[in-house]
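Q: next comes the sequence, and after it the predicted model I'd like to discuss.
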Amino acid sequence: QARLLVGEAVAAYRAGEGRAARDLALSAYLDGFEPIEPALAARDRELMLRIEAAMIELRTAIGSDAGADEVAGRAEAIDALLTEAEQVLAPGESDATAAFAGAFTILLREGLEALLIVIAMLAFLRKAGRTEAMPYVHAGWAGALVAGGATWAAATWLIGISGASRELTEGFAALFAAVVLVWVGIWMHGKSQAGAWQRYIEDRLSHALSKGSMWFLFLLAFVVVYREAFETVLFYAALWAQGAHAAVLAGAAAAVAVLAVVAWAMLRWSRRLPFGTFFSISAFLLAAIAVVLAGKGVAALQEAGWLPLTPVPFPRVDLLGLSPTLETLGAQALVVVVLAIGFVANRATTSGRRRNGSGPRSAH
């Protein structure tokens with residue numbers, strides 16, 4: 001399918017239909033190549049990255065009105081790379097190992113981001129003594145898993161979910177979560193500077209966690225987990241279609257076990273931390289995740305064709321959301337600047353209160 005759509009893109013470009021050529025080149029990646037990325041990455045990650053980069057270069061050439069021969073040359077390079085991918089993905093003795101590795105790494109990578117956010121929320125509520133709000137968080141992530149399963153069922157038996165729709169869902173969910181985490185991270189950092197936590201909990205938190213706030217916790221947990229579940233189940237569907245079902249299930253089980261251990265360790269460790277230290281660490285953790293999600297959100301919207309794409313010489317690090325494009329790096333830099341301003345303002349506010357002798361009452 002990828003090869004066919006790339007050929008159609010070249011034909012459309014030669015016919016002077018630039019927009020149609022761009023859409024076909026985009027579909028060649030989203031609908032033809034991306035679904036098999038996990039299986040290919042498990043066997044030859046370098047080849048997967050080369051194909052992805054070649055397809056970006058094709059779209060860039062089309063978007064910059066390059067010559068028809070240049071566009072055709074880039075398409076020929078993609079065709080050669082796809083031939084290599086076919087050879088790598090040919091059935092062989094390594095099927096089970098590749099399926100296990102793909103299933104394990106996908107679930108661990110996608111699940112870790114959501115897990116860190118959900119555990120931070122639960123740990124905060126437990127330390128604040130607001131355990132009645134925890135069911136909203138649990139309902140959010142559990143509902144997201146159910147919705148993810150429903151998405152897999154729909155994609156398998158009912159409808160075909162296009163690559164563009166998938167990327168738009170992931171992109172907007174990531175950006176929503178990033179905005180919320182920036183706000184929460186700055187808020188937590190401010191409270192970690194203030195001290196007198198017991199008084200704050202007694203005087204403020206009972207009012208802050210209203211019914212509406214609890215439903216907001218539900219929404220945040222749902223969005224961050226569903227974004228990861230949405231991507232994971234569709235990638236798993238591609239792995240499942242390759243065969244080696246037992247290896248896929250074993251890889252998923254191993255990833256779940258690792259995530260469970262991480263969750264247990266984080267909850268146990270957070271109970272021992274003083275409130276100020278807990279909020280300070282959580283603030284920086286959520287800030288880091290916000291930067292990652294900002295990069296991933298912009299990258300997803302670029303892949304869907306909603307945002308421009310300007311390649312730059314920069315390493316790609318999926319775990320950190322780093323992509324070699326000016327737009328993704330710019331979005332992450334903007335988030336870092338906003339967080340830095342917020343953290344500096346928190347310190348300045350706290351220092352001003354201390355100089356004026358207007359610190360928390362319980363500190364006296």
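A: Yep, it's here. Numbering: from 1, shown residues only.
Q: residue 284 contacts residue 185, correct?
A: Yes: counting by C-beta atoms under 8 Å, residue 185 is a contact partner of residue 284 at 7.5 Å. From N, CA and C alone the C-beta is placed, and that goes for glycine too.
Q: between the two, tell me which one has more neighbours.
A: Neighbour totals were compared for residue 284 and residue 185, and residue 185 leads with 26 against 16 (other C-beta atoms under 10 Å).
Q: name the helices or strands packed onto the host helix or strand of the more buried one?
A: Take DSSP states H and E as the rule and residue 185 turns out to sit in helix 163-194. In this structure, helix 163-194 makes packing contacts with helix 18-27, helix 197-200, helix 211-241, helix 275-303, helix 326-355, judged by 3 or more C-beta pairs under 8 Å, 6 or more residues apart in numbering; DSSP states H and E.
Q: looking at the ones you listed, which is closest to residue 99?
A: Closest of the helices and strands packed on helix 163-194 to residue 99 is helix 211-241, at 6.0 Å (criterion: C-beta to C-beta).
Q: quick check: angle from that closest one to helix 163-194?
A: 140 degrees (axes from the mean of the first three to the mean of the last three C-alpha atoms, to 10 degrees).
Q: the residue nearest to residue 220 when sequence neighbours are not counted: neighbour count?
A: Counting by C-beta to C-beta, 6 or more residues apart in numbering, residue 220 lies nearest to residue 180, which is 5.8 Å off, once chain neighbours are set aside. Neighbours of residue 180 under the rule other C-beta under 10 Å: 19.
Q: ok, residue 180 to residue 277 distance?
A: 23 Å (C-beta to C-beta, to the nearest Å).
Q: got it, and residue 312?
A: Applying C-beta to C-beta, the value for residue 312 to residue 277 is 38 Å.
Q: please apply the same query to residue 263.
A: Distance of residue 263 to residue 277, given as C-beta to C-beta: 20 Å.
Q: swap in residue 79?
A: Applying C-beta to C-beta to residue 79 and residue 277 gives a distance of 56 Å.
Q: residue 19 now?
A: Distance of residue 19 to residue 277, given as C-beta to C-beta: 55 Å.
Q: that older thread, between residue 263 and residue 277, which is the more surrounded one?
A: residue 263 (16 against 12).
Q: was I right about the more buried one contacting residue 115?
A: Yes: using C-beta under 8 Å, residue 263 is in contact with residue 115, at 5.9 Å.
Q: sketch out the low-pLDDT regions of the stretch 1-150 of the chain for me.
A: 91-95 (pLDDT under 70).
Q: which residues in it form helices?
A: Assigned by DSSP state H, counting those that start in this stretch, the helices in the stretch 1-150 of the chain fall at 2-14, 18-27, 37-63, 68-88, 95-127, 134-153.
Q: what packs against the longest one?
A: Think helix 95-127. Contact analysis of helix 95-127 by 3+ C-beta pairs under 8 Å, 6+ apart lists helix 37-63, helix 134-153, helix 211-241, helix 245-272, helix 275-303 as its packing neighbours.
Q: same question for the shortest one.
A: When contacts are defined as 3+ C-beta pairs under 8 Å, 6+ apart, helix 18-27 sits against helix 2-14, helix 37-63, helix 163-194.
Q: which one of those helices lies closest to residue 154?
A: Of all the helices and strands packed on helix 18-27, helix 163-194 sits nearest to residue 154, with 11.4 Å by C-beta to C-beta.
Q: look at residue 283 and report its pLDDT.
A: pLDDT, residue 283: 82.
Q: separation between it and residue 172?
A: Residue 283 sits at a distance of 25 Å from residue 172 (criterion: C-beta to C-beta).
Q: more neighbours: which of these two?
A: Taking neighbours as other C-beta under 10 Å, residue 283 and residue 172 compare with residue 283 leading, 26 against 17.
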